[in-house]
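# take this sequence and fold it.
(2 chains)
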Amino acid sequence: MSTATHKLLKGATGDWEMVIGMEIHAQVTSNAKLFSGASTAFGGEPNSQVSLVDAAMPGMLPVINEECVRQAVRTGLGLNAKINLRSVFDRKNYFYPDSPQGYQISQYKSPVVGEGEVLVELDGGRSVTIGIERLHLEQDAGKLLHDRSPTMSNVDLNRCGVALMEIVSKPDIRDAEQAKAYVAKLRSILRYLGTCDGDMEKGSLRADVNVSVRKPGGPLGTRCEIKNMNSINFIGQAIEYEARRQIEILEDGGQIDQETRLYDPNKGETRSMRSKEEAHDYRYFPDPDLLPLEFSQAFVDELKAQLPELPDQKKTRFVADFGLSAYDASVLVAERESAVFYETVLDRLANRARDGKMAANWVINELFGRLNKEGRGITDSPVDAQQLAAIIDLIGEGTISGKIAKDLFEIVWQEGGDPRALVESRGMKQVTDLSAIEKVVDDIIAANPDKAAQVKDKPQSLGWFVGQVMKASGGKANPQSVNDLLKSKLGV
Amino acid sequence: MTDLTSLTLAEARKGLAAKTFTSLELTDAHLSAIEAARVLNAFVMETPDKARAMAREADSKIAKGDAGPLAGIPLGIKDLFATRGVRTTACSKILGNFVPTYESTVTSQLWRDGAVMLGKLNNDEFAMGSSNETSCFGPVGNPWRRDGSNTTLVPGGSSGGSASAVAALLCMGATATDTGGSIRQPAAFTATVGIKPTYGRCSRWGIVAFASSLDQAGPIARSVRDAAMLLRSMAGHDPKDTTSVDIPVPDYETAIGRSVKGMKIGIPREYRLDGMPAEIEKLWQAGADWLRSAGAELVEVSLPHTKYALPAYYIVAPAEASSNLARYDGVRYGLREPAKNIIELYENTRAEGFGAEVKRRVMIGTYVLSAGYYDAYYLRAQKVRTLIKKDFEDCFAQGVDAILTPATPSAAFGIGEKGGADPVEMYLNDIFTVTVNMAGLPGIAVPAGKDAQGLPLGLQLIGRPFDEETLFSLGEVIEQAAGRFTPARWW
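Numbers count the residues shown, from 1 in each chain, chains lettered A, B, ... in the order given. The predicted model follows:
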């Protein structure tokens, strides 16, 4: 599937290629859990959001939360995937105190969403399409607390039963960069859709990463699964480490044991959690408490019609409507909040056809640059979209020069205020009054007769005069007018 | 006032409405009867204070003229139904002294309609059994004995407490559940009427699960009319159980006495087992004759996959049970045995908390769902189930309105007599009833006569999905012809 060149790892026996597939667990944005009415709010007192169903009291039955189904379908549509009008909930049986039922309700053979694909942008304008194998709905587990008693463990069931979407990729990913970009893109799509908040720190998005290595183009190797990764950077590090570990074993004549591993970010290494032999037999079977999940194509069509514009569509539109470069457009759409900010700027512009591209440059270079420097996010930018639009209007209409605009931006960043009023009160307006500029030009030529004489032979020294005039005008003279005047007066 | 206990529910309703007696009097009469019959071990929890409080409330409602359809009627509740504030154990040690904070949908509907709770009734542990011998509270005595014998017999199971209590006149009716015959077989063993409605007719919410795709609640009662009255209150759609079906519940009582003239009754040839006792055969023939006399047409039908039903049932039901019972782990409620770590906690708690039959079924279920065996057992059993269902559909498609079969292959047997060495001997009790659960159909057991030793025998009628009314009409014909049977009191 890969159209981009990808990173190969050098070994003693030559190059090795990584083959990576991912299972992303994305917590569904919903008020209530997948099969109970209990709240999904984060950070509640332990066991304050537990229904009788979540606690698996005798005789309790699950009832599907339709909003979670809608969210899964929306996500499937956002992944350009096949939506299955009939799917089945299965029980995945295992004993653990974070799973009160003794089984997790999941979808095994018939998931709600089938095959799809995600376009992933990489550095340098490269991109790669990663296939989606399936998406299914399942219950999250509770959380064990080991720090409350010296002899016992406690369990908090608040998260137990919260809806997760497990999004399984095809093994199309070929290196750590692609893997990281894939997770970032998926997270971006989920956020655009509003189906998962994508907050990896809170555990709303977690990834299991399957890694194997092979000689480029050769048969697939045995894979290891790295469980429960909750940081994009760690995913990258874990893949690199794991691939090198496997290469070392293979080049030493060993073989890879199919196993589940954990990544330790402190040590920067993966270690074995359980082998294939120790793997559970989950005894999947259709949950007899739940009827198959069935909905109509009309239900899907309605959700499709209400889908928000997604990053790829937005990028295409930005390029087409405002002449943005593909790169700039992808920077703007990568995070939903950035795109929203840019579009708010566009909305406030007096002439967005003229200034849309300039607005993009300002958002990307000035605003993002300044935000990055201070480690701030777009949502707490001191300069809001209204203010930035006003600055760009002032440039576009010729009231201030780009250079003055940077000073103005700094003032607004530091002090706030209405840019137009600031330009007025601080006398930052560009001078376009020809007679005023003419006087300055005349003064400069008069003061530098020898340089003026040289200009005819050295036209490039005109720039020196422009600089002098701009300096004398405090940067407020219109550069085009200065240029024109100098040329006519010096006869070049 | 002990004669109040011998009334049918319909008669009691009349008496209460006419203010011939009060619900409190009726309830007290039953509470005394329960006290006097403790040797039967039908009740595992008596709730006299609650019963009297509910009776007083019913009396005041009756006085005010806003009595529900079951106002003031004292009932027993199988211990599989969660009852708010009243210990609910499924007769398993593993639930210990579990007291639910919630009321099952079925019982809450009975209370809504004014019924009075006398207490909780014994059953096989987690409803797994056909003799009520697997209960952690010990076996239940059948009020019926063989002529001239002092041997205590089983009342059948799993709803043995329900059947025994209704037959011994300890309650006017009882809730029960039926996964493979657990309502109909004990009803047949005790000369009571038991109906397992169509799967989806009653909510399963708040009933301790055995096998979710087969479990269905229903009443055990003293007459067909009483069963109809009870089912009307128990049935109905419940949004909390997505397998419950949203179709209106008819007033089943209006089906009592409705003509069965012209109805086509199927006699399935596959139910004629080799070595079936002659008196069962005779009873079956009698039933057919009564229905024919009432104007029904009797036709022989074929249900070719019948012989696979029992083996398939003993794969599907344990499979679901093995998963349903995983929640009894000693972590959140019920029994918890001391342990050094979590694995030991599970092992010790479940080893101590579950009885032998439950353990056997959990192991069978775990086995048939295991990787490598799933296709050969569980999947194949599900295919058999589809074929069994189709057998019935084909039969009904030929215009058959209901199917008449014996309810059980024998009359009640003695405690400890069966299944000691070979569990299959016990499982065979369900041979005529499991097919109905596998197909999700309604089935009613109606007393139809006695065997040579004076023990009651029952007939089963199987109906179309959600056509319980036809079963009540036909059941009434059998009841009218066979009469009603009351055991001689020995306790």
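# what's the burial count for residue A:256?
Number of residues near residue A:256 (other CB atoms under 10 Å in any protein chain shown) recorded here: 17. For the C-beta atoms, the positions are set from N, CA and C on the backbone; glycine is no exception.
# now it: how far from chain B?
22 Å (CB to the nearest CB, to the nearest Å).
# may I have the phi/psi pair for that residue?
phi -80, psi 130 (degrees, to the nearest 10).
# could you find the closest non-adjacent residue to it?
residue A:222 (4.0 Å; CB to CB, 6 or more residues apart in numbering or on different chains).
# ok, the one you found - how many residues close by?
Residue A:222 has 15 nearby residues by other CB under 10 Å.
# likewise residue A:14?
10.
# work out for me the element the residue nearest to residue A:256 sits within.
Following DSSP states H and E, one finds residue A:222 outside all helices and strands.
# which residues of the stretch 201-350 of chain A fall in helices?
Along the stretch 201-350 of chain A, counting by DSSP state H, counting those that start in this stretch, helices occupy A:232-251, A:297-305, A:311-322, A:326-334, A:336-348.
# save the ones you listed as TSV, and put in mean neighbour count and mean pLDDT too.
Shown next, in TSV, are the helices of the stretch 201-350 of chain A (neighbours: other CB atoms under 10 Å in any protein chain shown; pLDDT from 0 to 100):
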stretch	mean neighbour count	mean pLDDT
helix A:232-251	19	96
helix A:297-305	13	98
helix A:311-322	18	95
helix A:326-334	20	93
helix A:336-348	19	95
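# show me which residues of chain A are close to chain B?
A:52, A:55-64, A:91, A:93, A:95-97, A:100-103, A:153, A:155, A:281, A:283-285, A:288-291 (CB under 8 Å from any CB of the partner chain).
# SS state for residue B:288?
Three-state call for residue B:288 (DSSP: H, G, I helix; E, B strand; the rest coil): helix.
# what's the answer for residue A:149, then?
Looking at residue A:149 with three-state DSSP, the answer is coil.
# and the gap between it and chain B?
Residue A:149 is 14 Å from chain B, by CB to the nearest CB.
# tell me who's in contact with the residue nearest to residue A:256.
Contacts for residue A:222 (CB atoms under 8 Å, 6 or more residues apart in numbering or on different chains) come out as A:212, A:255-258.
# can you check residue A:207 too?
Going by CB under 8 Å, 6+ apart, residue A:207 touches A:22-25, A:183, A:228-230, A:235.
# cool, residue B:433 as well?
By CB under 8 Å, 6+ apart, the neighbours of residue B:433 are B:178, B:180-181, B:184-185, B:407-408, B:443, B:460.
# export those residues to a markdown table and append columns for neighbour count, distance to chain A and pLDDT.
Shown next, in a markdown table, are the contacts of residue B:433 (neighbours: other CB atoms under 10 Å in any protein chain shown; distance: CB to the nearest CB, whole Å; pLDDT from 0 to 100):
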| residue | neighbour count | distance to chain A | pLDDT |
| --- | --- | --- | --- |
| B:178 | 31 | 16 | 98 |
| B:180 | 31 | 15 | 97 |
| B:181 | 32 | 19 | 97 |
| B:184 | 36 | 21 | 98 |
| B:185 | 33 | 22 | 98 |
| B:407 | 30 | 26 | 97 |
| B:408 | 28 | 26 | 96 |
| B:443 | 31 | 20 | 98 |
| B:460 | 31 | 24 | 98 |
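# can you tell me which of the residues you listed are in strands?
B:178, B:443, B:460 (DSSP state E).
# what residues are bridge-paired with the first one?
Bridge pairing for residue B:178 (DSSP bridges) gives the partners residue B:216.
# residue B:216 versus that one, what's the distance?
In this structure, residue B:178 and residue B:216 are 6 Å apart, going by CB to CB, to the nearest Å.
# intersection of neighbour lists for the two?
In contact with both residue B:178 and residue B:216: B:196, B:437, using CB under 8 Å, 6+ apart.
# tell me what residue A:134 is bridged to.
For residue A:134, the beta-bridge partners under DSSP bridges are residue A:168.
# my guess is it contacts residue A:170. True?
No. Between residue A:134 and residue A:170 there is no contact, the gap being 9.6 Å when judged by CB atoms under 8 Å.
# who's more crowded, these two?
residue A:134 (23 against 16).
# who's in contact with that one?
A:111, A:113-115, A:167-168.
# could you do residue A:261 as well?
Contacts of residue A:261 by CB under 8 Å, 6+ apart are A:224-227, A:242, A:270-273.
# show me what it bridges to in the sheet.
residue A:226, residue A:272.
# for residue A:27, see how far away it is.
Distance, residue A:261 to residue A:27, by CB to CB: 23 Å.
# which secondary structure element contains residue 371?
All of this refers to chain A. helix A:368-374.
# contacts for that helix, please.
Contacts for helix A:368-374 (CB under 8 Å, 6+ apart): A:331, A:338, A:377-378, A:381, A:409, A:413.
# just those residues now: which is nearest chain B?
Using CB to the nearest CB, the shortest approach to chain B within the contacts of helix A:368-374 belongs to residue A:377, at 41.3 Å.
# I'd guessed the closest one sits against residue A:337; true?
Yes. Using CB under 8 Å, residue A:377 is in contact with residue A:337, at 7.4 Å.
# please name the nearest non-neighbouring residue to residue A:331.
Using CB to CB, 6+ apart, the closest residue to residue A:331 is residue A:364 (5.5 Å).
# any idea which element residue B:24 lies in?
Per DSSP H and E, residue B:24 falls inside helix B:23-36.
# in the stretch 351-491 of chain B, what residue lies closest to chain A?
Residue nearest to chain A within the stretch 351-491 of chain B (CB to the nearest CB): residue B:369, separated by 3.8 Å.
# was I right to think that residue contacts residue A:90?
No. Taking contacts as CB under 8 Å, residue B:369 lies outside contact range of residue A:90: 10.9 Å.
# so what sits against both of those two?
A:284-285.
# in chain B, what helix or strand scores lowest on average pLDDT?
Counting by mean pLDDT, DSSP states H and E, chain B has its least confident helix or strand at helix B:423-427, which shows a mean of 86.
# the helix or strand following that helix close to chain A?
As assigned by DSSP H and E, the chain's next helix or strand after helix B:423-427 is helix B:434-439. No. Using CB under 8 Å from any CB, we find that helix B:434-439 stays clear of chain A, coming within 12.3 Å at best.
# distance from the chain centre to helix B:434-439, please.
14 Å (CA atoms, centre = their mean, to the nearest Å).
# stretch B:372-379 too?
Centroid separation between stretch B:372-379 and its chain, computed with CA atoms, centre = their mean, is 30 Å.
# any idea of the mean pLDDT for it?
The average pLDDT for stretch B:372-379 rounds to 95.
# residue A:359: what secondary structure?
Per three-state DSSP, residue A:359 ends up helix.
# thank you kindly, that will do.
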